[in-house]
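Peer 1: Dropping a prediction and its sequence here:
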Amino acid sequence: MRKLRFLLALLAIFSLFAVSCGDDDSADEPEPASTPDSGLIFHMITHSDDGPFWSVVKRGAEAAAADVGVTLVWNPSNNDPGVQASDIAAAVAANSDGIAASLPSPDQLIPPLQEAVAAGIPVYTLNSGVNDYQSIGATSHVGQTEVIAGNGAGLRFNDLGATKVLCGIQEQDNVALGERCDGLAETFNGEVIQGFMDLDANQVAQEGAINAALAADSDIDGFLGVGPVIAMSGLQAAKALGKDVGNSFHVGGFDITPDIIDAIESGEVAFTVDQQQYLQGYIPVVLMYLEATNQNTLGGGLPILTGPGFVTPDNAAAVKALVAAGTR
């Protein structure tokens, strides 16, 4: 009865929004998580580095697996699409009961996911893949529409009075990150400069690249980092150049870490776009369970959106407590 009440309550929650349309220990060894009682085995195969963003996705997936009683195999790839493709093929060979996968590199990942669908395995995309999940044959996508999220960032820079924004990217091959910058350019009234500013794994080089870009163009009065780490690198680079952050120079970011929440509370960062990544781990596991056990699907062929939301000085304190708990 407890599980039935849980599922009924969760379905009621889904009905409200379904119509709305990372350091890795080892990329080679899957990590079983949860205490199963259903006999179902699901695979979550992502470009995770298990850093501050993906660790929250993982907690959400593990919590859902425990709640519905399935075995969850967590496969991070540390931003290596070749490893991710190999993990998908291995899950298909193991006759997985469901695969949830991010799609940062569509050209390399669509074919193995199509093979999963052809093998009769339910597939869901999460985090990245909103533009391609239908061509895969996936049941649905769980995440945010990146262009729309970028649109919201552009409107916020307009409100801040910025005129020229540098949009910094931390993964060259992740198409979703470029879409965030593209969305910014669609709604921002000023000029947007987009560029790769080195990896999160090398924050010294990342800060240096941003510093050089800002120093080369004194008209830039805003920086958008399309992840939380690069947003903080942008803040540090601007401060090193003597920019008046929070006043005449504005910094925005994507996603949540304790550092970026602290910077928002202090007024140095204006906002961060929140895609609620805990839900991106939790919801696909529950959806795979419902499809496997009751032939239920949600979304009506449209993506199930987890964002964008925004963390600003108005709500940073409330979100901070949840970050400390590991669910935001």
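Peer 2: Received it, and whenever you're ready, just let me know what you need. Note that the structure is predicted; figures quoted are calculated from it, not measured. Numbering: from 1, shown residues only.

Peer 1: so residue 283, which of the three states?
Peer 2: helix (DSSP: H, G, I helix; E, B strand; the rest coil).

Peer 1: wait, isn't it in contact with residue 64?
Peer 2: Yes - here residue 283 reaches residue 64: they are 7.5 Å apart, a contact under CB atoms under 8 Å. Where C-beta positions appear, they are placed from N, C-alpha and C, glycine not excepted.

Peer 1: nearest residue to residue 246 other than its sequence neighbours?
Peer 2: Excluding the flanking residues, the one nearest residue 246 by CB to CB, 6 or more residues apart in numbering is residue 267, at 4.6 Å.

Peer 1: Ignore what I typed, I meant residue 170.
Peer 2: Using CB to CB, 6+ apart, the nearest residue to residue 170 is residue 230, at 4.4 Å.

Peer 1: would you say the one you found is within a strand?
Peer 2: No - counting by three-state DSSP, residue 230 is not found in a strand; it is helix.

Peer 1: Now the one helix or strand residue 194 maps to: buried residues?
Peer 2: According to DSSP states H and E, residue 194 maps onto strand 191-196. For strand 191-196, the neighbour count (16 or more other CB atoms under 10 Å) marks 192-194 as buried.

Peer 1: After it, which helix or strand is next? Please name it.
Peer 2: helix 203-216.

Peer 1: For that following helix, which outside residues touch it?
Peer 2: Helix 203-216 is contacted from outside by 166, 168, 170, 193, 195-200, 220, 223, 229-230, 233-234, 236-238, 240-241, 243, using CB atoms under 8 Å, 6 or more residues apart in numbering.

Peer 1: Go again with 10 Å.
Peer 2: 166, 168, 170, 193, 195-200, 202, 220-221, 223, 225, 229-230, 232-241, 243, 249 (CB atoms under 10 Å, 6 or more residues apart in numbering).

Peer 1: re earlier: the residue nearest to residue 246: how many residues sit nearby?
Peer 2: Neighbours of residue 267 under the rule other CB atoms under 10 Å: 12.

Peer 1: residues contacting it?
Peer 2: Per CB under 10 Å, 6+ apart, neighbours of residue 267: 245-247, 313, 316.

Peer 1: Could you list which of those residues belong to helices?
Peer 2: residue 316 (DSSP state H).

Peer 1: doesn't residue 253 fall inside a helix?
Peer 2: No - judged by three-state DSSP, residue 253 forms no part of a helix; its state is strand.

Peer 1: Is it bridged to anything, and to what?
Peer 2: Taking DSSP bridges, one obtains residue 272 as the residues bridged to residue 253.

Peer 1: quick one: pLDDT of it?
Peer 2: We have a pLDDT of 98 for residue 253.

Peer 1: gap between it and residue 128?
Peer 2: Distance, residue 253 to residue 128, using CB to CB, to the nearest Å: 17 Å.

Peer 1: which SS state does residue 61 fall under?
Peer 2: Applying three-state DSSP: residue 61 is helix.

Peer 1: Which residues are in contact with it?
Peer 2: Contacts of residue 61 (CB under 10 Å, 6+ apart): 33-34, 42, 44, 46, 72, 74, 100, 126, 278, 280-286.

Peer 1: ok, the nearest residue to residue 193 once chain neighbours are set aside - how many residues close by?
Peer 2: Distance criterion CB to CB, 6+ apart; nearest residue to residue 193, sequence neighbours excluded, is residue 166 at 5.0 Å. Residue neighbour count, defined by other CB under 10 Å, stands at 24 for residue 166.

Peer 1: Check residue 297 too.
Peer 2: Residues within reach of residue 297, counting by other CB under 10 Å, total 15.
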